[in-house]
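In: build me a model from this:
(one chain, ligands or ions: 1)
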Amino acid sequence: MCGIVAYIGKQDAYPILIKGLKRLEYRGYDSSGVSVLNGDLQIFKKKGKVKDLVDHVGNHRVKGTVGIGHTRWATHGKPNDINAHPHVSGNKRLSLIHNGIIENYQPLKEALIKLGHTFESDTDTEVLTHLIEEIQTRDDLPIDEAVRIALTKVIGAYAIVVLDKENPDILVAARKASPLVIGIGRDEFFVASDASPIIEHTKKVVYLNDEEIAVVKRDGTLSIKNIDNQIQNPFIEELDLKLDAIEKGDFDSFMLKEIYEQPESILDCMRGRINAEEGWIKVGGVETKMEEFLNAKRIIIAACGTSWIAGLIGEYLFEELARISVEVEYASELRYRNPIIEEGDIVIALSQSGETADTLAALHLAKDKNALLYGIVNVVGSSIARLTDTGSYIHAGPEIGVASTKAFTGQVTLLTMLAIYLGYEKGRIPRPYYAQLLRELENIPSKVKRILEKDDHIKYIASEIKDATNALYLGRGYNFPVALEGALKLKEISYIHAEGYPAAEMKHGPIALIDENMPVVVIATNMSAHDKIVSNIQEVKARKGVVIAIINEGDNVIKEIADYVIEIPATDEPLTPLLSVVPLQLLSYHIAIMRGCNVDQPRNLAKSVTVE
Ligand code: F6R
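Out: The predicted structure is shown next:
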């Protein structure tokens with residue numbers, strides 16, 4: 001979603017802004033723009049990529065040591081040059097960038113029109129810019145005070161940075177329900193939607209809280225107030241992030257890099273939490289709330305997209321291993337129902353970014369109903385990490401590719417550890433099985449590595465099916481959610497329509513679609529359902545479907561009947577998703593590349609969905 005970057009200091013702002021915008025490209029966007037102050041506001045905006053913006057700026061010398069930049073993901077108004085940010089006030093004094101949605105922009109706009117304001121764009125952001133101008137000029141207020149008062153009149157979500165032509169030595173930033181980080185350099189400040197544009201300049205950061213307004217000054221001072229005008233103490237943190245973690249290195253895309261990072265990222269997720277030799281597993285965020293977890297009436301998992309699918313695997317794991325009843329909810333649905341959530345329930349939010357608006361809103365609702373909130377998050381310091389009562393990071397490192405890969409396996413690894421931990425503490429897992437699961441879990445990274453070695457074979461299969469227009473993914477038990485994830489990966493990066501189904505459900509509808517043009521990916525690694533899935537494959541073959549089967553090494557039965565097989569190492573059934581998803585990630589990746597798609601930034605998608 002929209003990305004924000006801003007700079008004030010002694011250096012030229014423009015190159016810092018452009019580099020920062022490039023770092024934010026992964027969030028998804030359709031236009032970009034910058035505004036740099038040097039006596040006058042120099043504003044450039046362009047539909048398309050940051051490269052198009054740079055071409056548009058061309059030979060103009062954009063000088064100035066304070067400026068703001070933005071990548072826009074359209075919400076109000078279509079993607080074009082006019083709707084791109086920054087927006088300017090009517091008196092051309094203020095320039096503003098915004099991530100979020102001003103829900104009451106329409107009545108605000110009408111009131112401003114009555115006061116004589118005219119608008120160039122269709123955006124809610126321009127309305128906010130004029131509102132600040134109106135308050136600033138009417139009451140002759142300092143810019144930070146005008147911003148604060150304007151924000152008291154706004155309903156919705158925002159992260160904003162405001163540049164005032166008459167105040168070249170300050171930037172004003174504010175947030176509510178959209179992330180904003182301030183990087184503190186030596187006599188310079190950086191403001192951004194996340195840490196990626198900041199880390200090459202400084203590791204010292206302050207994460208703004210909801211309804212806080214920050215003023216950063218060229219003299220090196222930072223002050224924060226809340227919307228009620230009370231002074232807040234900035235909490236300075238040290239970023240634990242390396243630059244190479246957000247660069248592609250030798251890989252052609254972030255997505256491929258992140259797929260290949262999985263042996264390491266799964267290991268990082270387990271580090272310090274499991275030791276098979278000594279026979280223990282523990283998950284810090286749960287250890288401190290063990291009583292609540294052991295006595296939980298119910299666990300509700302709330303998430304969106306791929307994280308929701310990881311949650312579904314969590315349901316299978318918790319129910320089988322820990323005998324805890326689980327419901328998995330789309331956060332966007334949960335938040336608008338009147339769900340039964342009671343004290344004694346635990347709500348687990350799963351989120352890579354920790355900023356997904358619907359997941360955050362579902363958590364607020366659960367908090368009001370006195371449930372215990374537990375967050376499983378990747379991005380350190382994110383809103384969900386800070387809102388929840390307790391939680392665990394998956395430690396996957398930055399995930400830049402829009403399609404989630406290593407965050408998914410990180411989430412599933414954490415849920416698996418949690419289910420084993422709770423199951424054992426509750427006396428539901430016999431000691432020998434417990435010891436075996438721990439050993440097997442520790443073997444997962446090396447088994448993922450072995451799957452990655454099959455990449456050329458997977459690429460060959462991709463070349464055989466790349467021209468399909470539809471695809472079906474089937475799985476049973478733990479591999480049903482994996483089928484959903486395989487289908488989601490394919491559609492989001494290759495734009496091939498794909499559906500994931502429980503294999504046995506095929507007969508209740510999708511079987512009508514099967515013909516010789518329909519690739520059917522069957523995930524057949526769970527031995528408890530082996531005979532049944534063999535029958536499902538026969539049913540597909542009888543209708544001339546093309547079967548690509550993910551099987552355990554040495555499964556000659558399925559090898560005989562499938563058109564293509566990808567053999568992967570066997571493991572205990574609850575751990576299968578951690579392996580069976582990897583060939584599906586590679587399959588989608590290669591198909592997308594062969595179809596000429598941009599795998600890192602698929603059309604219309606955003607990495608961090610900060611609006612509902
Ligand atoms: C798909 C994908 C999305 C996200 C979803 C939730 O590959 O990445 O479906 O999983 O937008 O995002 P987070 O996990 O950040 O809450």
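
In: so residue 530: helix, strand or coil?
Out: Three-state assignment for residue 530 (DSSP: H, G, I helix; E, B strand; the rest coil): helix.

In: where along the stretch 251-400 of the chain do the strands fall?
Out: 274-275, 280-281, 298-303, 326-330, 345-351, 372-377, 390-393 (DSSP state E, counting those that start in this stretch).

In: elements contacting the longest helix along the chain?
Out: What stands out as the longest helix in the chain, according to DSSP state H, is helix 431-452. Helix 431-452 sits against helix 262-270, strand 274-275, strand 280-281, helix 406-425, strand 564-568, helix 576-594, with contacts defined as 3 or more Cβ pairs under 8 Å, 6 or more residues apart in numbering; DSSP states H and E. Heads up, the C-betas are built off the backbone N, CA and C, glycines and all.

In: tabulate the strands of the stretch 251-400 of the chain (CSV), appending mean pLDDT.
Out: Formatted as CSV, those follow (pLDDT from 0 to 100):
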stretch, mean pLDDT
strand 274-275, 97
strand 280-281, 96
strand 298-303, 97
strand 326-330, 97
strand 345-351, 97
strand 372-377, 97
strand 390-393, 96
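
In: which of these is buried the deepest?
Out: Ranked by average neighbour count under the criterion mean count of other Cβ atoms under 10 Å, these are headed by strand 345-351 at a mean of 28.

In: how far out from the middle of the chain is it?
Out: Computed by Cα atoms, centre = their mean, to the nearest Å, the chain-centroid distance of strand 345-351 equals 16 Å.

In: picking that back up, which one of the strands of the stretch 251-400 of the chain lies nearest to the ligand?
Out: With Cβ to the nearest ligand atom as the criterion, the ligand lies closest to strand 345-351 of these, at 3.2 Å.

In: list the contacts for whichever residue of the stretch 301-450 of the chain sits closest to the ligand?
Out: Per Cβ to the nearest ligand atom, residue 305 is where the stretch 301-450 of the chain lies closest to the ligand, at 1.9 Å. Neighbour list for residue 305: 404, 488 [criterion: Cβ atoms under 8 Å, 6 or more residues apart in numbering].

In: thinking again about what came up before, next, format the helices and strands packed on helix 431-452 as a markdown table and append distance to the ligand.
Out: Shown next, in a markdown table, are these (distance: least, Cβ to the nearest ligand atom, whole Å):
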| stretch | distance to the ligand |
| --- | --- |
| helix 262-270 | 14 |
| strand 274-275 | 23 |
| strand 280-281 | 24 |
| helix 406-425 | 6 |
| strand 564-568 | 21 |
| helix 576-594 | 10 |
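
In: of those, which is nearest residue 49?
Out: Nearest to residue 49 among the helices and strands packed on helix 431-452 is helix 576-594; the distance by Cβ to Cβ comes to 18.2 Å.

In: for the helices and strands packed on helix 431-452, which one sits closest to residue 105?
Out: For the helices and strands packed on helix 431-452, distance to residue 105 was read as Cβ to Cβ. The smallest value, 33.0 Å, belongs to helix 406-425.

In: alpha carbons only: can I get that closest one in CSV?
Out: In CSV, the C-alpha atoms belonging to helix 406-425 read as follows (Å, rounded to 0.1, in the frame of the first residue of the first chain):
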residue,chain,number,x,y,z
LYS,A,406,9.0,-17.4,3.9
ALA,A,407,6.6,-15.6,6.2
PHE,A,408,4.1,-18.4,5.5
THR,A,409,6.5,-21.2,6.4
GLY,A,410,7.6,-19.1,9.4
GLN,A,411,4.0,-18.8,10.6
VAL,A,412,3.4,-22.5,10.1
THR,A,413,6.7,-23.3,12.0
LEU,A,414,5.6,-21.2,14.9
LEU,A,415,2.1,-22.6,15.0
THR,A,416,3.6,-26.1,14.9
MET,A,417,5.9,-25.4,17.8
LEU,A,418,3.1,-23.9,19.7
ALA,A,419,0.8,-26.9,19.2
ILE,A,420,3.5,-29.4,20.2
TYR,A,421,4.4,-27.2,23.2
LEU,A,422,0.8,-26.9,24.4
GLY,A,423,-0.1,-30.5,23.6
TYR,A,424,2.8,-31.8,25.6
GLU,A,425,2.1,-29.4,28.5
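
In: out of the strands of the stretch 251-400 of the chain, the one nearest residue 21 is which?
Out: Using Cβ to Cβ, the strands of the stretch 251-400 of the chain put strand 345-351 closest to residue 21, at 24.2 Å.

In: parallel or antiparallel, list what pairs with the closest one.
Out: The strands beside strand 345-351 in its sheet (DSSP bridges) come out as strand 298-303 (parallel), strand 372-377 (parallel).

In: who's in contact with stretch 11-19?
Out: The contact list for stretch 11-19, computed with Cβ under 8 Å, 6+ apart, reads 5-7, 34, 36, 50, 53-54, 57, 62-69, 188, 190, 197, 200-201.

In: of those residues, grab the buried ones for PyMOL.
Out: In PyMOL syntax, the buried subset of the contacts of stretch 11-19 is picked out as below (16 or more other Cβ atoms under 10 Å):
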select buried, resi 5+6+7+34+36+50+53+54+57+62+64+65+66+67+68+69+188+190+197+200+201
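
In: take the contacts of stretch 11-19 and keep only those in strands.
Out: 5-7, 34, 36, 66-69, 190 (DSSP state E).

In: now the strands paired with strand 345-351 as CSV including distance to the ligand?
Out: As requested, those are exported to CSV (distance: least, Cβ to the nearest ligand atom, whole Å):
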stretch, distance to the ligand
strand 298-303, 6
strand 372-377, 8
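
In: would a markdown table of the ones you listed with distance to residue 90 be doable?
Out: Putting the strands paired with strand 345-351 into a markdown table (distance: least, Cβ to Cβ, whole Å) gives the following:
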| stretch | distance to residue 90 |
| --- | --- |
| strand 298-303 | 42 |
| strand 372-377 | 41 |
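
In: and residue 147, what does it touch?
Out: 132, 160, 162, 172, 174, 213.

In: what helix or strand is the closest residue to the fourth one other than its chain neighbours located in?
Out: Distances taken as Cβ to Cβ, 6 or more residues apart in numbering place residue 162 nearest to residue 172, at 4.5 Å, with adjacent residues excluded. Using DSSP states H and E, residue 162 falls within strand 156-164.

In: how far out from the middle of the chain is that strand?
Out: 22 Å.

In: now the angle between strand 156-164 and the helix or strand following that strand, please.
Out: Next in sequence after strand 156-164, counting helices and strands by DSSP H and E, comes strand 170-176. Computed with axes from the mean of the first three to the mean of the last three Cα atoms, to 10 degrees, the direction of strand 170-176 lies at 180 degrees from that of strand 156-164.

In: which neighbouring elements make contact with strand 170-176?
Out: Strand 170-176 is packed against strand 3-8, helix 143-152, strand 156-164, strand 189-192, strand 212-217, with contacts defined by 3+ Cβ pairs under 8 Å, 6+ apart.
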